[in-house]
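# mind folding the following:
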Amino acid sequence: MMFEATAARRAAALAAFAVCGTTSVAYADEPETPGDWKVSIGPGLYVFPKFPGSSQLQVLPFPMQDISWKDRVFSQGPDVLGVNALQGDNYHLGMSVSFDFQSRSSSDSPRLSGLPNVHYGPKLRLFGDYTVWAFTGAAAVYQDIAGTGQGLTATGDLLVSAPVGKWLFSIGPGLTWANGEYTRTFFGITPQESAASGLPRYDTGSGLRDVHFNVSATGTLNRHWSVNIAAVVGRLEHNAAGSPITERRLDLNGTASLLYRF
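Numbering: from 1, shown residues only. You can find the predicted model right below:
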């Protein structure tokens with residue numbers, strides 16, 4: 001799922017700074033400058049399936065931002081606005097409004113003909129992460145707040161991170177759980193939808209959506225410029241894997257950005 005790349009990068013940055021022995025919480029691409037505000041913006045790209053279970057990818061150019069105030073309030077990538085309600089040298093607990101581009105249109109694939117469209121929209125994200133040396137555990141819950149039928153999903157990731165020169169590398173496994181509303185919206189087929197589409201009826205429920213692997217790299221080019229690349233390679237499971245809507249189980253999401261630090 002696309003939003004996981006940003007969540008993994010935030011958690012990976014904490015692990016890298018723990019390895020370095022620093023006590024301040026910051027992102028790996030931030031030069032050390034005084035002040036409460038930290039602002040980086042620049043061009044970016046999102047890469048994600050045309051719809052969950054699609055065999056085709058789409059590329060969406062999108063402005064990227066990495067903005068924080070006292071490391072308490074932040075806006076980063078899909079996280080339009082967030083707050084670290086509790087934080088320490090090696091942990092965060094907080095919430096954010098996160099924009100998710102997951103959607104589906106009947107024009108995306110011939111097999112979707114007769115099925116309802118699913119619109120994208122904002123989600124409420126509750127998150128937490130904890131770092132011990134180079135290892136970070138991160139968990140997040142995403143709740144649809146726009147009435148798009150995308151329900152609730154939860155992610156868990158374990159990351160190991162290491163700084164190499166001006167680069168931060170991070171890798172690690174994770175999984176995504178989805179509730180019944182989410183799986184019915186994206187993978188279920190009701191009797192009425194079956195009659196309209198020609199696909200067989202498919203009943204779904206809550207369960208494991210995917211297992212995935214995170215890979216990210218952040219490089220500081222100079223005092224102002226940094227580059228960020230992240231990918232989440234997943235495999236659909238359970239209801240998502242068996243749905244007649246699913247064209248392939250490989251679930252690939254990624255981001256890339258070039259940021260200028262003011």
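# neighbours around residue 50, how many?
Residue 50 has 18 neighbouring residues, counting by other Cβ atoms under 10 Å. Glycine gets a C-beta too; all of them are placed from N, C-alpha and C.
# how close does it sit to residue 134?
36 Å (Cβ to Cβ, to the nearest Å).
# contact partners of stretch 181-197?
Contacting residues not belonging to stretch 181-197 are listed as 51-53, 102, 104, 111-116, 118, 144, 148-153, 199-207, 209, 239-240, 243-246 [Cβ atoms under 8 Å, 6 or more residues apart in numbering].
# which parts of it are buried?
The neighbour-count check on stretch 181-197 (16 or more other Cβ atoms under 10 Å) flags 181, 182, 183, 184, 185, 186, 187, 188, 189, 193, 194, 197 as buried.
# cool, stretch 144-162 as well?
Per 16+ other Cβ under 10 Å, stretch 144-162 contains these buried residues: 144, 148, 150, 151, 152, 153, 154, 155, 157, 159, 160, 161.
# and for stretch 206-213?
So, applying 16+ other Cβ under 10 Å, buried residues of stretch 206-213: 206, 209, 210, 212.
# ok, the helix or strand residue 214 falls within: who's next to it in the sheet?
Assigned by DSSP states H and E, residue 214 belongs to strand 207-220. Using DSSP bridges, the strands paired with strand 207-220 are strand 167-178 (antiparallel), strand 225-236 (antiparallel).
# output the ones you listed as CSV; include the columns mean neighbour count and mean pLDDT.
Listed next are the strands paired with strand 207-220 as CSV, based on neighbours: other Cβ atoms under 10 Å; pLDDT from 0 to 100:
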stretch, mean neighbour count, mean pLDDT
strand 167-178, 20, 97
strand 225-236, 20, 97
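# now for those strands, which one comes closest to residue 69?
Checking the strands paired with strand 207-220 against residue 69 by Cβ to Cβ gives strand 225-236 as the closest, at 19.2 Å.
# which strands and helices sit next to the next helix-or-strand element following that closest one?
Sequence-wise, the next helix or strand downstream of strand 225-236 (DSSP H and E) is helix 238-242. Using 3 or more Cβ pairs under 8 Å, 6 or more residues apart in numbering; DSSP states H and E, the elements in contact with helix 238-242 are helix 180-186, strand 207-220.
# nearest to residue 174, of the buried residues of stretch 181-197?
residue 182 (17.0 Å).
# quick check, nearest of the buried residues of stretch 181-197 to residue 61?
residue 186 (24.7 Å).
# quick revisit: with distance to residue 253 as added columns, please give the strands paired with strand 207-220 in JSON lines.
Output for the strands paired with strand 207-220, formatted as JSON lines (distance: least, Cβ to Cβ, whole Å):
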{"stretch": "strand 167-178", "distance to residue 253": "11"}
{"stretch": "strand 225-236", "distance to residue 253": "5"}
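# among those strands, which comes closest to residue 37?
strand 225-236 (16.8 Å).
# average model confidence for the strand holding residue 214?
Computed over strand 207-220, the mean pLDDT rounds to 97.
# over to stretch 239-259?
Stretch 239-259 comes out with an average pLDDT of 96.
# now do the buried residues in it.
So stretch 239-259, judged by 16+ other Cβ under 10 Å, has buried residues 239-241, 243-247, 251, 253-257, 259.
# so which of the residues you listed sit within helices?
Among these, the residues falling in helices (DSSP state H) are 239, 240, 241.
# distance of the second one from residue 187?
Going back to what we said before, that points to residue 240. 5 Å.
# quick check: neighbours shared by the two?
With Cβ under 8 Å, 6+ apart as the test, residue 240 and residue 187 both reach 52, 53, 246.
# and the closest residue to the last one other than its chain neighbours, what element?
Spatially, and ignoring its direct neighbours in sequence, residue 246 is nearest to residue 53 (3.4 Å; Cβ to Cβ, 6 or more residues apart in numbering). Here residue 53 sits in a region with no helix or strand, counting by DSSP H and E.
# many thanks, I have nothing further to ask.
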